[in-house]
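K.L.:
Turn this into a structure:
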Amino acid sequence: MVSYTSADGDTKEIEVGKDRSITTLTELKPGMKYTFHIWAELGSKQSKRASTDTLTEIDPPKNLRVSDVTHSAGVVTWAPSAAHIDGYHLTYQGRGGTSKEVQLGPSEQRFVLEGLEQGMRYTIFVTAYKADRQSRRTDSSFSTVSFLYPYPADCSQTQQNGNASSGVYTIYLNGDGSRPMQVYCDMATDGGGWIVFQRRSTGEVDFYQRWKNYVEGFGDPTGEFWLGLDKLHNLTSSSPIRYELRVDLRTASESVYAVYDFFQVASSRDRYRLSVGNYRGNAGDAMTYHNGWKFTTWDRDNDVALSNCALTHHGAWWYKNCHLANLNGKYGESKHSEGVNWEPWKGHEFSIPFTEMKIRPQSSSNEPILGRKKRSLSGKRKKIRT
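P.N.:
Numbering: from 1, shown residues only. Coordinates of the predicted model:
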């Protein structure tokens, strides 16, 4: 006869045939202490009992899986162990054997992995434990998402990496990981993917600044700011990508835009000379007048006027003699040619309350960049089938 009693009080007794010296006990609870007794019987007589104690194994967590995987995170879930345990050890291991361990409570069934490397394969191990005893480990492997562009060169590549919200992002000049630059990306206007390099909206930032400040940039990218002529030059002149320019202008009740299919700023040696291409839009063409002209500030006169246009018109711009656009002029100023002007739309005596200037890689339509890409791929597939 064999009987056993668990630590939580369950008792069972079974009979084993006289010609057998081994029996298998099923339905024992995992991670439980049991006391076993065995004795022989002949009729109504019983031998002395032999006894022993043992612990059953802690059962491992089940159905371990990783979901919602991104380039830097994933969610680990599992079904809990049946044993009464003190908690779980979760370990994750990346390429090269570097691993991290996390200790979790006995009721946990979920853990969010963060700060992972993009495009990396990871293995997750989870074990249940009680005091110094552990279950067998359960494991699962997964790979983080690879970016289409590990070092996006502009906001359109940032957008193609899956970033759909406008805001401040890090881009990398020419896709070079050692040349980071923080920019504000407009992901909403006309399909998105724009690097915003100028914004006027409140008049809080003084745009009547010296040459050095216009070269380096000033203001807050989430508010009023100027990105900087050096950065505009590096973005538009040091890579094979050709950029287009968009200018958005708004009053309380009206909204217009101007798009130029090419935009480039030359180097400091050429005084950041402006090049713009063909115009389209409904704001009127104010930039073609400034095409080919160098940048002027109150302390650096590069225009062709008898006086310094920046001084007389209270701004800084690619002045000629002097301007049809003065988007860095004095905010709210209605004096002729001194305010934030776009002459073809509101003339020289109206200061426009909201302006934004932005660039993105040239496109042939107004579709979102991702949409254009998908459509062109499907078009190629159709051609192959025919």
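K.L.:
C-alpha only now, for contacts and for neighbours.
P.N.:
Will do.
K.L.:
and the residue nearest the centre of the chain, how far is that from S334?
P.N.:
Centrality entry for the chain: nearest residue to the mean C-alpha point is N163, 5.6 Å, by C-alpha atoms, centre = their mean. Taken as C-alpha to C-alpha, to the nearest Å, the spacing of N163 relative to S334 amounts to 40 Å.
K.L.:
Same check on R273?
P.N.:
For R273, the distance to S334 - C-alpha to C-alpha - is 28 Å.
K.L.:
For these two, work out which one has more neighbours and name it.
P.N.:
Set side by side, R273 and S334 show more neighbours around R273, with 22 against 16, by other C-alpha atoms under 10 Å.
K.L.:
My read is that the more buried one contacts N302, right?
P.N.:
No. Under the criterion of C-alpha atoms under 8 Å, R273 lies out of contact with N302, with a separation of 9.7 Å.
K.L.:
Return every residue with contacts to both of the two.
P.N.:
Both R273 and N302 are in contact with K294, F295, where contact means C-alpha atoms under 8 Å, 6 or more residues apart in numbering.
K.L.:
What helix or strand is V183 located in?
P.N.:
Following DSSP states H and E, one finds V183 within strand 180-186.
K.L.:
Could you pull out the buried residues of that strand?
P.N.:
P180, V183, Y184, C185, D186 (16 or more other C-alpha atoms under 10 Å).
K.L.:
Pipe the residues you listed into a markdown table and attach pLDDT per row.
P.N.:
Formatted as a markdown table, the entries for the buried residues of strand 180-186 read as follows, by pLDDT from 0 to 100:
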| residue | pLDDT |
| --- | --- |
| P180 | 95 |
| V183 | 97 |
| Y184 | 98 |
| C185 | 98 |
| D186 | 98 |
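K.L.:
Among those residues, which pair sits farthest apart?
P.N.:
P180 and D186 (18.3 Å; C-alpha to C-alpha).
K.L.:
what sits against E101?
P.N.:
By C-alpha under 8 Å, 6+ apart, E101 lies in contact with H89, L90, T91, Y92.
K.L.:
The spatially closest residue to the last one that is not a sequence neighbour bridge partners, please.
P.N.:
Nearest residue to Y92, sequence neighbours excluded (C-alpha to C-alpha, 6 or more residues apart in numbering): I124, at 4.4 Å. Partner residues in beta bridges with I124, using DSSP bridges, are Y92, S140.
K.L.:
How about the one 5 residues further on?
P.N.:
Taking DSSP bridges as the rule, Y129 bridges to G87, Q134.
K.L.:
Please look at it and L90 and confirm they touch.
P.N.:
No. Between Y129 and L90 there is no contact, the gap being 10.9 Å when judged by C-alpha under 8 Å.
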